[in-house]
Structures are given as structure tokens and as C-alpha cells.
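Colleague: sequence and predicted model, in that order:
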Amino acid sequence: MSSPNSIPLEAFKQEPQSKLWLTQLVIMILIMPALCLYLTTDRWQNRREAASKTVRDDKPKSLQQVDGEMPNLKTMDANTIIPLHDLDWSNAEPLQLRPFKPKYHLTMAIENATVNDLVMMDCDYLSRVKIRRQIFDEHTATVLGSTPRVKPAVDELYTWMMNTYLPQRFPAIFTLSKTSTTSSPPQNCLHNTATNETLRTTPYTNPSDSLRTLGSHIDSDMLILLPTSPTDTTYTLAGFQVCMPNGFNTASKLNLTLSHIHDPVPRYKEKLEKSMDRFFARVAVGQYAKRSNWTITTRPDLYAASGNHAHDGEEVEQEEIDPEHAWMRCELQILWRLPQTKALVFMVKTYMYPLRQIKEEGLGEDLAMAIEGMQAGSVPEVYQYKRGVAWGESAKSYLRS
């Protein structure tokens with residue numbers, strides 16, 4: 001007795017071609033799963049091979065993670081420093097960063113950089129180094145710190161910056177010469193023509209003094225990270241000069257691992273911790289990685305050790321911003337490794353762009369969408385963390401007006 005869905009055997013006897021058709025159907029049923037598996041595996045392999053190739057184009061490309069693979073970095077040699085002989089720094093406009101996107105995702109967003117990106121010189125240089133020195137004087141304990149084990153790395157960084165990088169990259173500003181005293185042998189010194197000061201080219205006994213001198217002549221914050229232990233692949237903050245913190249006290253981060261430094265960042269442990277640890281451990285000598293971030297602030301202060309972040313559960317009142325006293329604050333961050341000590345150097349240059357400027361550029365709607373995109377991305381909690389609940393609605397209204 002046949003079932004309602006079965007085909008009577010007589011049907012095949014009546015049609016001579018039915019046996020052939022049935023044989024083809026059976027073969028198709030048997031082959032299709034194997035074919036699908038092969039195609040899927042082949043496509044996956046191709047994607048992995050594409051993700052593992054080093055970027056070879058001269059133009060830097062965004063290096064997002066692909067299927068769990070780590071981004072690749074171009075290797076640059078220190079000898080590729082390009083001298084800016086004719087740089088008119090007093091008339092050079094600051095770099096214009098516009099890193100906002102329609103939807104915010106918590107990713108590393110790493111791009112290739114070169115050794116020439118480490119230090120930027122522009123028309124704000126003199127005013128910035130003046131501000132930095134004032135911050136060093138007024139907030140020393142917060143913006144400057146070092147541990148004993150960081151000295152070799154700071155010595156290496158200081159020596160290379162003063163003897164090689166600054167005079168080679170900016171020969172119109174920093175010039176090497178010899179001291180001329182009768183009491184001691186001639187020593188190298190570096191003259192900063194912009195500030196009309198002469199600097200020693202050998203590091204100080206105290207690494208904090210070396211860091212302070214670097215931060216008084218270079219408009220970038222610097223953080224030095226060392227392996228947590230000789231057998232550990234995680235990194236710990238071992239020294240810093242950070243005159244322009246954005247909502248955190250760097251001194252409280254000294255001797256903390258990368259993971260604990262980012263404890264306040266919403267869902268960092270879930271989204272980024274493992275990837276960041278792997279990436280920091282993998283950066284090789286001669287590789288330079290950069291990224292940029294942004295937020296809105298109603299504070300003109302470059303030194304902001306508190307107040308620019310709000311944490312989960314914190315009460316934040318909505319503000320009515322004054323467009324003339326509101327800025328998009330951006331950071332250009334560059335990570336690289338010293339060749340001798342193998343320490344990691346994390347350099348940060350801060351830019352402040354008036355909100356009015358963004359609107360006048362015709363990017364008001366783009367930035368307004370990016371503000372909304374904070375809540376629509378992979379970590380909506382970042383809207384609270386960046387105090388968007390305070391300035392978000394008012395900023396969007398202005399940008400769209």
C-alpha cells in the first residue's frame with residue numbers, strides 16, 4: 001500500500017525516460033551537499049588568504065579586522081625620514097581630521113602610518129608648547145610619570161628624537177651643533193630655532209625629566225608601554241607625559257595593563273581586549289599604526305583630566321550648547337616600537353575644531369548623523385560614556401539649523 005506522497009512504480013514503466021530522469025535526480029541529491037561544502041570552503045580560504053596579505057600600496061589603507069584576522073602593517077625603515085627643508089611651519093594649517101561616521105562601532109580602526117607621521121608641525125606650535133609647559137608646571141603629578149624600568153626605553157626615545165628624527169625631519173627648525181667650552185670636550189646640542197632654545201641631546205638621569213623636555217618641544221603626548229613580564233604578551237604603562245588628557249588621570253593608569261587602563265570604556269573587555277593585546281604584541285620594529293577618534297566638548301581646555309566622560313548610572317543633565325563655545329575634539333594616535341629596547345611608544349596629538357567650522361564646511365548633517373550613530377552602533381553605551389546625553393540634542397539642532 002503506497003503512501004499519499006509516493007510515486008506508483010507503474011508510472012516509470014509507462015515512461016521509458018523516467019529511469020534516466022530518476023537516476024539524474026539521485027546523483028544530484030548526492031552531489032549537491034559535497035559541492036556546496038567545497039565552494040564554501042574554497043571561498044573561506046580565499047578570504048583568509050586575502051586578509052593575510054600585506055598592504056603594498058603606497059597610499060595608506062584602513063586595516064579593519066577580517067574574520068578574526070589581525071590587520072597588517074607596512075614595514076617602514078627609520079631611514080625613510082623625509083626632510084621638510086622648505087617647511088613654513090608658522091603658516092602651515094593644522095591637520096584637518098574628520099573621523100566621524102554615520103554609525104559608531106567599537107573597533108581598532110587601524111590605518112598604516114609612516115615614520116613621517118610621528119610629529120606634526122603647524123602654525124599652532126608656539127602657542128601649544130607654551131600651553132604644554134604651563135600644564136607641566138601646574139599639574140606635574142598628573143601629566144608626568146615614570147617607573148624605574150622605563151629608563152632604557154625613555155633614553156632610547158630621547159636620544160633618537162634629539163639626534164636623528166627632529167633634525168632630519170625638520171631641518172629648518174631643529175639644528176644640530178657642537179658646544180664650544182674650554183672646560184669640557186665639545187658635545188652635541190640641538191637648537192630649536194622656533195623657541196630659540198638649545199637642548200641637550202643626551203637623556204637625563206631621571207626619565208621624567210627626559211619626557212618633560214620632549215613634551216616641551218613636541219606637541220604630542222607620549223606613553224611608553226613595556227611587557228608586563230618577560231614571559232607575558234600583555235603590555236603595561238611604564239612612563240608618560242600627557243599634557244592633554246581627555247577625561248582621565250594618566251597618573252592613575254601608571255603600572256596598569258592595557259586591559260585595566262581601558263576598564264572605564266564600555267564593553268572594551270568583550271569587544272576589543274583580546275584583539276588589542278594581540279595587536280600590541282605583534283607590532284614590529286619599523287611598523288607604524290595610526291587611528292583617530294572624536295567627541296564633542298563645551299570645554300576649551302586642552303588639559304581635561306576629568307569631566308569629559310560619564311559612566312554607567314551617572315546622572316547627566318542635558319545642556320544647551322553655545323555654538324561659539326563648542327568644539328569637536330579629535331586625537332591622532334600613533335603606535336610604534338623602539339628598535340633597541342623593543343618598548344612600544346603611543347603618541348597622541350590633540351586637535352580642537354570649532355563646531356561652527358564643521359557646519360561651515362557643509363558637514364553639519366554628517367556630524368549630526370554621527371552623533372545619532374553613537375546610539376545605533378555596536379556599543380550604544382558609548383553615547384553616555386562620551387556625555388552625548390549632555391550635548392547631543394543641542395549639537396544636532398545647531399548642526400542641522
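Modeller: Looks like it arrived, so ask away.
Colleague: for Pro264, pull up the helix or strand it's in.
Modeller: Following DSSP states H and E, one finds Pro264 outside all helices and strands.
Colleague: contacts only, for the residue nearest to it when sequence neighbours are not counted.
Modeller: In this structure, Pro264 finds its nearest non-sequential neighbour in His311, 6.3 Å apart by Cβ to Cβ, 6 or more residues apart in numbering. Quick note: C-beta positions are derived from backbone N, CA and C, even for glycine. Neighbouring residues of His311 by Cβ atoms under 8 Å, 6 or more residues apart in numbering: Pro264, Gln384, Tyr385.
Colleague: recalculate using a threshold of 10 Å.
Modeller: Residues in contact with His311, defined by Cβ atoms under 10 Å, 6 or more residues apart in numbering, are Pro264, Pro266, Glu381, Gln384, Tyr385.
Colleague: now the end-to-end length of stretch 347-362.
Modeller: One end of stretch 347-362 to the other measures 31 Å (Cα to Cα, to the nearest Å).
Colleague: mean confidence score for that stretch?
Modeller: Stretch 347-362 shows a mean pLDDT of 97.
Colleague: in it, what's buried?
Modeller: Buried positions in stretch 347-362, judged by neighbour count with 16 or more other Cβ atoms under 10 Å: Met347, Val348, Lys349, Thr350, Tyr351, Met352, Tyr353, Leu355, Arg356, Ile358, Lys359.
Colleague: name the helices or strands packed onto the strand or helix carrying Arg278?
Modeller: Counting by DSSP H and E, the element that carries Arg278 is helix 273-282. Secondary-structure packing of helix 273-282 (3 or more Cβ pairs under 10 Å, 6 or more residues apart in numbering; DSSP states H and E): strand 221-227, strand 235-241, helix 258-261, strand 327-337, strand 344-354.
Colleague: which one of these is the most hemmed in?
Modeller: Of all those, strand 235-241 carries the top mean neighbour count, a mean of 24, counting by mean count of other Cβ atoms under 10 Å.
Colleague: strand 344-354 and that one, what's the angle between them?
Modeller: 60 degrees (axes from the mean of the first three to the mean of the last three Cα atoms, to 10 degrees).
Colleague: so how far is strand 235-241 from its chain's centroid?
Modeller: Offset of strand 235-241 from its chain centre (Cα atoms, centre = their mean, to the nearest Å): 16 Å.
Colleague: end to end on stretch 162-179, go ahead and measure it.
Modeller: 15 Å.
Colleague: one step back: does the residue nearest to Pro264 count as helix, strand or coil?
Modeller: Here His311 is coil, with the state taken from DSSP: H, G, I helix; E, B strand; the rest coil.
Colleague: one more: Trp294?
Modeller: Three-state call for Trp294 (three-state DSSP): strand.
Colleague: ok, it touching Leu367?
Modeller: Yes - here Trp294 lies in contact with Leu367, judged by Cβ atoms under 10 Å, at a distance of 8.8 Å.
Colleague: more neighbours, those two?
Modeller: For Trp294 versus Leu367, the count of surrounding residues by other Cβ atoms under 10 Å is larger for Leu367: 22 against 19.
Colleague: so what touches whichever helix or strand that one is part of?
Modeller: Secondary structure from DSSP H and E places Leu367 in helix 364-376. By Cβ under 10 Å, 6+ apart, the residues outside helix 364-376 that reach it are 98-105, 294-296, 328, 355-356, 358-359, 361, 363, 377, 380-386, 388-389, 391-393, 395-401.
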